[in-house]
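>>> got a sequence here, can you build the structure:
(chains A, B and C)
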Amino acid sequence: MSPTTTKEISIGDVAAREAAGITQMEGEERMALNVGPSHPTTHGVLRLILELNGDMIEKCEPVLGYLHRGDEKIAENMTYNQFVPYTDRLDYLAPLANNVAYAISVEKLTGLELPERCQAIRVLVCELARISSHLLGMGVFGMDAGAWTPFMYTFTEREKLYTLFEELTGARFTTSYTRIGGVARDIPDGWLDRVSKFCDELPLATDEVEKLLTRNRIFLDRTEGIGQISKEDALAYGLTGPNLRASGIDLDLRKDKPYSGYEKYDFDVPIGTRGDCYDRYLVRIEEVRQSIRIIKQVIADFPSGAWYAEDAKKIFAPPKEKILSSMEELIQNFMIVTEGPQIPSGEVYFEAENPKGALGFYIVSKGGGVPYRMKIRAPSFCNLSILEKLVPGHLLSDITVILGSLDFVMGECDR
Amino acid sequence: MIDQDFIDELLAKHSYLGFISHEDCLTLSCNRDHWVDFATYLSLEETFDLLVDLTAIDHGEDAEIRFSVVCHYYSRVHHDYIRAHVECASNENPEIPSLSSIYPSADWHERETFDMFGIRFSNHPNMKRILMWDEYPYFPLRKDFPLAGIDTPLPAPDVVEVTKASVEPAPMMGGPFVSSGSGPMSDSEPRAKDESWTEKSEKPG
Amino acid sequence: MIANEVAYNGKVEGDVIVTKADAVINWIRKHSVWPMPMGLACCAIELMASAASRYDISRFGMEVMRFSPRQSDCMIVAGTVTYKMAEVVRRIYDQMGDPKWVVAMGACASTGGMYRSYAVMQGVDNIVPVDVYVSGCPPRPEALLDAMMKLQDKIGKESSVKNLTKTAPAVSS
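Numbering: from 1, shown residues only, chains lettered A, B, ... in the order given. Model (predicted):
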């Protein structure tokens, strides 16, 4: 400690400040500002306690937990299949990707080998979810910076996606589509053609959004050079996904540790150079284009066959026709629904490349149908930890742009 | 790649590490006194520069060692994870040295582990709750804490005065039905796991 | 011929309509409800979708989603209300000017939804008085628009003139 003792006092602690005799210094105008949990710029309920010197931010303290719903405790009380709807609501902008990540983590405990058609369906659905999430992220990012039109354009495209999801799964979003050992149902006839048609129309919409934002003078002024995250900082604070890649680190789990058949498809991973808000925006727009590329490859070579693991007697319930007509399948379905899929004991950690970053599930199982401990490693939780270091030094109006470019979701941050 | 040579070399160099398994990733047990040393070694000498997750497990009130902390490190060179377990000495006041000086991402993970389990991390810059409100008296993810919650006052007194709301246990009747799986068929019929109050035992008050 | 007409005839009445004050005040209020979106979780996305071009909420005069409680009429609680967030919701409700209404959108806001846990308030009606509940997880935009239409019907039946000096009630237990 230095001879003149420095003491940390929390910004909101008025009594302590007065007791310590901290008043304004010459030429400064200090103010504590609460960017409260209900605020249009935040992607959900995030609270920032800022200390301002005029318009410049000196200190930033994020407060989370306003959407903490107790998912991990809930997981210890229900079977693996019953937990799938809760995974939808983690990153609620790309629910299908969360479902796939969860299903694969549990399947790693069982050692199941999934058929190719099931893997191709999962890849297809993950990439559609990635497009959906990035479109919303960029639309809302534009809206945070002041542009209302890109939001409307991206939402129109997302409505087309919602129609596709509804046809496949029954729900617009919050799909609960995967099960342990496969997916809920096979793809309907003609669905692939509609997806293909959507992929042909999407680049036009992406180009329109780009025309409005990418070389827009106002947008560039607001986002270039703002919120720069260096490579070392990005790794040190545990950033993953487009935020990490925009800072220049080449880490994409689809290429590093391919899962669900990603190694078969040919795609590029956009890497940024400076790590500012503009780079993060560009990385996401380019990722949408690469996702379209992957989807086209998947559709071109779509495997036929089983859409679930057929030899997983104690894990995946057989199709309804067999359940209602044959005794053995009826009992199998009964056991799986009441006791849950019987997962062997062990522990597993699996991360999937979600649109927000790396969504990880750490599952400790002691056998049976209910997990003993489930930890959800949320990418938005780690992405937000950098705010304390990143925000000071910026102006107050840069906060909206920084938060918009980090593209986090409080549903998964707080779980 | 993390192959057998790498594992042998690692275990030989660091006597405080124990090998647990290598099924989905290398799982090691670490001595609490060398927890920080191991983390420093991984980040500086080896290429594990990304700390992806840090959490804890509650082994139950009857277990000899109740709490253990689990940490996952990722290397972009080996394209693989290392999982390290460390046990807390005391069951009543569990404590582990903090890794936030080496990996800043551990900061928030450790706060969350403290919030959920009550495990303190020494030398942590800001050991406060992060997900529940500061005055919350319990640690939710412990095995003796019920899912429905326990009665506590709401943190805002002025709101409580007007609305008379409080933190009440959630109704568990009709909750997720899970079967225990063991015993005769009549016993293993699906029931809600948490039966603090049901049709047969009314909610008190 | 004049005796047969029942409705408004410009030549007779001139520019004057005779009606109840309630009817006019309610008509004005219900056709320009400005919502305050308390978008907390997934339902907020469906709220945004209902404001987007496909399920245009602007048809009802409700696209003015000002996040300022002082300028809004109706608070749409969209998403899970946790105990930590409950006091914030109440404070914002208190800042809204009368007359004000609350729509609990989605299962989580109505009753806690599928989150029966220690951290989730089992329904936002524990902390604010709710006028319309919308079920669904999340409710389709059409369901939300249906709820807003029901809210419009409810507003239409209010005795506004009598309520001009009355303050809004606190929540009933």
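
>>> who's in contact with residue A:304?
By Cβ atoms under 8 Å, 6 or more residues apart in numbering or on different chains, the contact list for residue A:304 reads residue A:117. The way it works is simple: take the backbone N, C-alpha and C, and place the C-beta from them, glycine included.

>>> from chain B, which residue is nearest to chain C?
Nearest residue of chain B to chain C, counting by Cβ to the nearest Cβ: residue B:149, 3.0 Å away.

>>> which SS state does the nearest residue to that residue once chain neighbours are set aside fall under?
Leaving aside its chain neighbours, residue B:149 sits nearest to residue C:118 (3.0 Å; criterion: Cβ to Cβ, 6 or more residues apart in numbering or on different chains). Secondary structure state of residue C:118, per DSSP: H, G, I helix; E, B strand; the rest coil, is coil.

>>> residue C:118 is in contact with residue B:151, isn't it?
No - under the criterion of Cβ atoms under 8 Å, residue C:118 makes no contact with residue B:151, lying 10.6 Å away.

>>> neighbour count for these two, which is higher?
More neighbours surround residue C:118 than the other of residue C:118 and residue B:151, with 28 against 10 (other Cβ atoms under 10 Å in any protein chain shown).

>>> the more buried one and residue B:152: what is the separation?
Look at residue C:118 and residue B:152: by Cβ to Cβ, to the nearest Å, they are 9 Å apart.

>>> intersection of neighbour lists for these two?
Shared contacts of residue C:118 and residue B:152 (Cβ under 8 Å, 6+ apart): residue B:167.

>>> show me the helices in chain C, by range?
C:10-13, C:21-30, C:43-51, C:83-95, C:106-111, C:141-156, C:160-163 (DSSP state H).

>>> output the contacting helices and strands for the third one.
I take that to be helix C:43-51. helix A:149-169, strand C:35-39, strand C:74-78, strand C:101-105, helix C:106-111, helix C:141-156 (3 or more Cβ pairs under 8 Å, 6 or more residues apart in numbering or on different chains; DSSP states H and E).

>>> how about 10 Å then?
helix A:116-144, helix A:149-169, helix A:410-414, strand C:35-39, strand C:74-78, strand C:101-105, helix C:106-111, helix C:141-156 (3 or more Cβ pairs under 10 Å, 6 or more residues apart in numbering or on different chains; DSSP states H and E).

>>> what's near enough to touch the closest residue to residue A:330 other than its chain neighbours?
Nearest residue to residue A:330, sequence neighbours excluded (Cβ to Cβ, 6+ apart): residue A:323, at 5.5 Å. Applying Cβ atoms under 10 Å, 6 or more residues apart in numbering or on different chains to residue A:323 gives the contacts A:317, A:329-334.

>>> where in chain A is pLDDT low?
Along chain A, the model assigns pLDDT under 70 to residues A:1-28, A:41-42.

>>> again, but for chain C
C:1-5, C:165-173.

>>> ok and the residue in it nearest chain A?
Chain A sits closest to residue C:117 of chain C, with a gap of 3.3 Å, by Cβ to the nearest Cβ.

>>> doesn't residue B:149 make contact with that residue?
Yes - between residue C:117 and residue B:149 there is a contact under Cβ atoms under 10 Å: 6.9 Å.

>>> what touches both of the two?
A:70, A:73, B:140, B:169-170, B:194.

>>> of the residues you listed, which belong to strands?
Among these, none falls in strands (DSSP state E).

>>> point to the residue nearest the middle of chain C.
Centroid check for chain C by Cα atoms, centre = their mean gives residue C:74 as the closest residue, at 4.0 Å.

>>> list the contacts of that one.
Taking Cβ under 10 Å, 6+ apart, one finds C:33-37, C:62, C:96, C:99-103, C:131-132, C:148, C:151, C:155 in contact with residue C:74.

>>> still on that earlier bit, overlap in contacts, residue C:118 and residue B:151.
Here residue C:118 and residue B:151 have B:167-169 as joint contacts, going by Cβ under 10 Å, 6+ apart.

>>> those residues also near chain C: which ones?
For chain C, the contacts drawn from the shared contacts of residue C:118 and residue B:151 by Cβ under 10 Å from any Cβ of the partner chain are B:167-169.

>>> got a list of what the residue in the stretch 151-300 of chain A that chain B sits nearest to touches?
Using Cβ to the nearest Cβ, the single residue of the stretch 151-300 of chain A nearest to chain B is residue A:238, 3.0 Å away. By Cβ under 10 Å, 6+ apart, residue A:238 lies in contact with A:244, A:357-358, A:377, A:379, A:381-383, A:385-386, B:50-54, B:74, B:103-109.

>>> one more time with 8 Å, if that's ok
Counting by Cβ under 8 Å, 6+ apart, residue A:238 makes contact with A:382, A:385, B:50-52, B:103-105.

>>> same deal with residue A:387?
Going by Cβ under 8 Å, 6+ apart, residue A:387 touches A:48, A:60, A:62, A:402, A:406.

>>> and the gap between it and residue A:48?
Taking Cβ to Cβ, one finds residue A:387 at 7 Å from residue A:48.

>>> joint contacts of these two?
Common neighbours of residue A:387 and residue A:48 (Cβ under 8 Å, 6+ apart) are A:60, A:62.

>>> so which of the contacts of residue A:238 is the most crowded?
When neighbours are counted by other Cβ under 10 Å, residue A:382 leads the contacts of residue A:238 with 29 neighbours.

>>> does the residue of chain B most remote from its centre count as helix, strand or coil?
For chain B, the largest distance from the centre (Cα atoms, centre = their mean) belongs to residue B:162, which lies 36.9 Å off. Recorded secondary structure, residue B:162: helix (three-state DSSP).

>>> same deal with the one 3 residues further on?
Three-state assignment for residue B:165 (three-state DSSP): coil.

>>> my read is that it contacts residue B:154, right?
Yes - using Cβ under 8 Å, residue B:165 is in contact with residue B:154, at 5.7 Å.

>>> before we move on, the earlier item: now do the contacts for the residue of chain C closest to chain A.
A:69-70, A:73-74, B:147-149, B:170.

>>> rerun that using 6 Å as the cut-off
Counting by Cβ atoms under 6 Å, 6 or more residues apart in numbering or on different chains, residue C:117 touches A:70, A:74, B:147, B:170.

>>> repeat that for residue A:46.
Here residue A:46 is in contact with residue A:410 (Cβ under 6 Å, 6+ apart).

>>> rerun at 10 Å
A:35-37, A:39, A:62-67, A:380, A:384, A:387, A:403, A:408, A:410, A:413-414.

>>> host element of residue A:349?
Here residue A:349 sits within strand A:346-354, counting by DSSP states H and E.

>>> next, see if that strand gets close to chain B.
Yes - Strand A:346-354 reaches chain B (Cβ under 10 Å from any Cβ) through A:346-351.

>>> next SSE after that strand?
Toward the C-terminal end, the helix or strand that comes next after strand A:346-354 (DSSP H and E) is strand A:357-365.

>>> name the helices or strands packed onto that following strand?
Counting contacts by 3+ Cβ pairs under 10 Å, 6+ apart, strand A:357-365 packs against helix A:95-110, helix A:242-246, helix A:253-256, strand A:346-354, strand A:373-377, helix A:379-384, strand B:50-58, strand B:67-75.

>>> then it to PDB, C-alphas only?
The C-alpha trace of strand A:357-365 is given here as PDB (Å, rounded to 0.1, in the frame of the first residue of the first chain):
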ATOM      1  CA  GLY A 357     -20.000 -17.400 -28.400                       C
ATOM      2  CA  ALA A 358     -19.100 -20.700 -26.900                       C
ATOM      3  CA  LEU A 359     -22.100 -22.200 -25.000                       C
ATOM      4  CA  GLY A 360     -20.800 -24.900 -22.700                       C
ATOM      5  CA  PHE A 361     -22.500 -27.500 -20.600                       C
ATOM      6  CA  TYR A 362     -20.700 -29.200 -17.800                       C
ATOM      7  CA  ILE A 363     -22.800 -32.100 -16.600                       C
ATOM      8  CA  VAL A 364     -22.000 -34.400 -13.700                       C
ATOM      9  CA  SER A 365     -24.100 -37.500 -13.800                       C
END
